[in-house]
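A.B. asks: Quick check, what structure comes out for this input:
(one chain, ligands or ions: 1)
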Amino acid sequence: MARALLIVDVQNDFTEGGALGTEGGAQVARDITTHLREHAGEYSVVLASRDWHDADNDNGGHFAAEPDYVDTWPRHCIAGTPGADFHPDLDTSFIDVEVRKGQGAPHYSAFQGVTDAGQNLIDVLASRDVEDLDIVGIATDHCVRASALDALEAGVQVRVLDGLTSAVGKESRAAALAEIRAAGGEVVDR
Ligand code: VGL
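C.D. replies: Okay, here's the model as predicted:
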């Protein structure tokens, strides 16, 4: 039985100063790096996702000029731009497999993403006999939430390391963590 770590969307646009910056996002990048340096040996594979949107369309209604910050958002994580880069304080040398999601679509879950070779994370986990998944990253109440729920749905044991996540809103964060617990996931500090 193997355990994997999934790092969700630790990108410049989701950290302070970015198009959709979450409070504490840059600190999350640093703390995930510390976690990797101390715990990388516990993971058989380290996965990461990036939001990777098209520049020339609204990505399936995901972008809006007057966003509601629930279902519609300002433009963010445009493919190939600095906003879509990993935060510089995340040590990307630990990442074994990367998926990108959201090209022309309002994707939240990392499980909607694919590798450059077209593989999704369910297949990556299955091919490596991973049954336990730790999830960290941004945003707790959106992409971390959706990724955790998809992993649970697929029969993977999920632990969200909440101290290594940052959120868009305080109440939506609490609601997301409750939803993850109700679906069978574990929430721990780190
Ligand atoms: C996210 C809002 C819009 C996230 C992505 O990464 O959690 N949030 N797009």
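A.B. asks: switch to C-alpha atoms for all contacts and neighbour counts from now on
C.D. replies: Noted.
A.B. asks: Can I take it that Asp13 is in a strand?
C.D. replies: No - applying DSSP: H, G, I helix; E, B strand; the rest coil, one finds Asp13 to be helix, outside a strand.
A.B. asks: count of neighbours near it?
C.D. replies: Using other CA atoms under 10 Å, Asp13 has 26 neighbouring residues.
A.B. asks: next one: Asp56
C.D. replies: 8.
A.B. asks: Also Val188?
C.D. replies: By the criterion of other CA under 10 Å, Val188 has 12 neighbours.
A.B. asks: after the helix or strand hosting Arg159 comes which helix or strand?
C.D. replies: Using DSSP states H and E, the element containing Arg159 is strand 157-166. Scanning forward in sequence from strand 157-166 by DSSP H and E, the next helix or strand is helix 170-182.
A.B. asks: What average pLDDT does that next one get?
C.D. replies: Averaged over helix 170-182, pLDDT sits at 98.
A.B. asks: Tell me what angle that helix forms with strand 157-166.
C.D. replies: 170 degrees (axes from the mean of the first three to the mean of the last three CA atoms, to 10 degrees).
A.B. asks: what's the very next helix or strand once past helix 170-182 packed up against?
C.D. replies: As assigned by DSSP H and E, the chain's next helix or strand after helix 170-182 is strand 186-188. Strand 186-188 is packed against strand 157-166, helix 170-182, with contacts defined by 3 or more CA pairs under 8 Å, 6 or more residues apart in numbering; DSSP states H and E.
A.B. asks: need the longest helix for this protein.
C.D. replies: helix 25-39 (DSSP state H).
A.B. asks: What residues of that helix count as buried?
C.D. replies: Of all the residues in helix 25-39, those buried under the rule 16 or more other CA atoms under 10 Å are Gly25, Ala26, Gln27, Val28, Ala29, Arg30, Asp31, Ile32, Thr33, Leu36.
A.B. asks: Thanks again, I'm all set now.
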